[in-house]
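> coords please:
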Amino acid sequence: MIYRSKAPLRIGLAGGGTDVSPYCDLYGGAILNMTISLFAHANIEMIESNEIIIEAFDRSEIQRFEIANSLPIDGTLDLAKGVYNRIQKDFPFTPKGMKISTYVDAPAGSGLGTSSTLVVAILGAFVEMLKLPFGDYDIAHYAYEIERNDLKLSGGKQDQYAATFGGVNFMEFYEDDKVIVNPLRVRNQHLHELENNLILFYTETSRESAKIIDEQQKNVQQKNEKSIVAMHKLKEQAVQMKVALLKGKLNEIGEILNFGFQQKKQMAKNISNEMLDNLYHVAIEAGATGGKISGAGGGGFMIFYCPSNTRYQVIEAIQKCNGKIRDYSFTKYGLQTWTVE
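Sure thing, here's the model as predicted:
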């Protein structure tokens, strides 16, 4: 028996960083994101041997353990082990031989929410296997608790909810881990145009988001006015983006992205760097009207908005920089699970 799942990665268009505590607890956060056709995949296969095997095919990592109720958290494949340990703690089941295997369509540290999406996918496979009575909010919050509380990994809240719900969402974040997901009914023609005009470019550099997020959190705790004001403006940017998408004012999106990019760089050091700023300049010179770093910053993917037919000249220009274009499409669905007998 094999229990499978997949969950989509996401592009954050506006409000990035306002979902991170303590900012969202103190002031409330808002983010607009949309899921894309890059996925985190998870499989749980029942096997004959008396062991638990965990393997990440995309990372060429594998670990084997004797059957136990808890697996060691040691820095290797901890996301899968963290999910297994939490499920065993809250919903004990008789451990049997099993293989937990994963694959993610984008590199770790790329800024598309890979880690959190993978946790959602692994959790989804366990929900499918054990028939747990979880709704979408339950899965997203449970994944957040595993990653942030159990594994002590720094980060925000948006990725778990984007991966679980899917589609285009305006998300609100408040104290006591309260999250409200508002699905947006964007007209198909606007989504097609946005998909055509939005370029996803991988800089072929990874980054450790935890350090940037830790500094961002510290700035809020120490009441760094420059950083907090920037986050307030990013929250405003999320509302601006929502209005532009719902009203079909796509010509404003580049400017809204550019506004957010300038604000985001005020939140913490190393969100951008000379290489990323140069790439941004090249794209703007070629015809893009705005863009942003995806995720916490420091590397990974960048997105650029290219109105009319400027996408082709922008692609030609940025391909001369280090990195590559990544094809994608928007997805309407979040976490999907199924069983193979």
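> Ala230 and Asn258, how far apart?
Distance of Ala230 to Asn258, computed by C-beta to C-beta, to the nearest Å: 14 Å. C-beta: built from backbone N, CA, C; applies to glycine.
> which of these two has more neighbours?
Taking neighbours as other C-beta atoms under 10 Å, Ala230 and Asn258 compare with Ala230 leading, 23 against 18.
> Report how many residues lie close to Asp53.
I think there's a mix-up here, since residue 53 is Ile and not Asp. 16.
> ignore the last one, Leu79
27.
> What residues sit buried inside the longest strand seen in the chain?
When the chain is parsed with DSSP state E, its longest strand is strand 29-46. Residues of strand 29-46 classed as buried by neighbour count (16 or more other C-beta atoms under 10 Å): 29-36, 38-45.
> In terms of secondary structure, what does that strand contact?
strand 2-14, strand 98-104, helix 114-130, helix 158-165, strand 168-173, helix 225-247 (3 or more C-beta pairs under 8 Å, 6 or more residues apart in numbering; DSSP states H and E).
> can you tell which of the ones you listed is closest to Leu279?
strand 2-14 (17.0 Å; C-beta to C-beta).
> could you check the angle strand 168-173 makes with the closest one?
80 degrees (axes from the mean of the first three to the mean of the last three C-alpha atoms, to 10 degrees).
> ok, so what distance separates Tyr202 from Arg10?
Taking C-beta to C-beta, one finds Tyr202 at 15 Å from Arg10.
> what about these two, which has more around it?
Using other C-beta under 10 Å as the criterion, Tyr202 and Arg10 rank with Arg10 on top: 31 against 20.
> The more buried one - nearest residue in space that isn't next to it in sequence?
Ala162 (4.0 Å; C-beta to C-beta, 6 or more residues apart in numbering).
> Output the lowest mean pLDDT helix or strand found in the protein.
For the chain, the helix or strand with the lowest mean confidence is helix 209-221, at a mean of 75 (criterion: mean pLDDT, DSSP states H and E).
> then that one to CSV, C-alphas only?
C-alpha atoms of helix 209-221 as CSV (Å, rounded to 0.1, in the frame of the first residue of the first chain):
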residue,chain,number,x,y,z
SER,A,209,16.4,32.3,5.3
ALA,A,210,16.5,31.7,9.0
LYS,A,211,19.3,34.3,9.6
ILE,A,212,17.4,37.0,7.7
ILE,A,213,14.1,36.1,9.5
ASP,A,214,15.9,36.1,12.9
GLU,A,215,17.2,39.6,12.2
GLN,A,216,13.7,40.7,11.1
GLN,A,217,12.2,39.4,14.3
LYS,A,218,14.9,41.1,16.4
ASN,A,219,14.2,44.4,14.7
VAL,A,220,10.6,44.3,15.7
GLN,A,221,11.4,43.2,19.2
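> Contacts for that helix, please.
17, 20-23, 26, 109, 111, 153-156, 227-228, 231, 267-271, 295-298 (C-beta atoms under 8 Å, 6 or more residues apart in numbering).
> could you check the angle helix 114-130 makes with it?
100 degrees.
> what about the residue positioned nearest the centre of the chain, distance to Gly16?
The centroid of the chain falls nearest to Gly113 when counting by C-alpha atoms, centre = their mean (2.1 Å). As judged by C-beta to C-beta, Gly113 and Gly16 stand 11 Å apart.
> Name the residues contacting each of these two.
Contacts common to Gly113 and Gly16, judged by C-beta under 8 Å, 6+ apart, are Gln158, Gly295.
> Can you mark which positions in the least confident helix or strand of the chain are buried?
Ser209, Ile212, Ile213, Glu215, Gln216, Gln217, Asn219, Val220.
> one step back: same list, the helices and strands packed on strand 29-46, but as CSV with distance to Ser70 and mean pLDDT please.
Shown next, in CSV, are the helices and strands packed on strand 29-46 (distance: least, C-beta to C-beta, whole Å; pLDDT from 0 to 100):
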stretch, distance to Ser70, mean pLDDT
strand 2-14, 21, 97
strand 98-104, 14, 97
helix 114-130, 15, 97
helix 158-165, 23, 97
strand 168-173, 31, 98
helix 225-247, 38, 94
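> Of the ones you listed, which is nearest Ala317?
That would be strand 2-14 among the helices and strands packed on strand 29-46, by C-beta to C-beta, at 20.9 Å.
> same question for the helix or strand following that closest one, mean pLDDT?
From strand 2-14 onward toward the C-terminus, using DSSP states H and E, the following helix or strand is helix 23-27. Summarised as a single mean, pLDDT over helix 23-27 is 94.
> Work out the gap between helix 23-27 and the centre of the chain.
20 Å (C-alpha atoms, centre = their mean, to the nearest Å).
> With just CA atoms, put that helix into PDB.
Extracted in PDB, the C-alpha atoms of helix 23-27 (Å, rounded to 0.1, in the frame of the first residue of the first chain):
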ATOM      1  CA  TYR A  23       5.100  41.600  13.900                       C
ATOM      2  CA  CYS A  24       1.800  39.900  13.000                       C
ATOM      3  CA  ASP A  25       1.000  39.400  16.700                       C
ATOM      4  CA  LEU A  26       1.500  43.100  17.500                       C
ATOM      5  CA  TYR A  27       0.200  44.800  14.400                       C
END
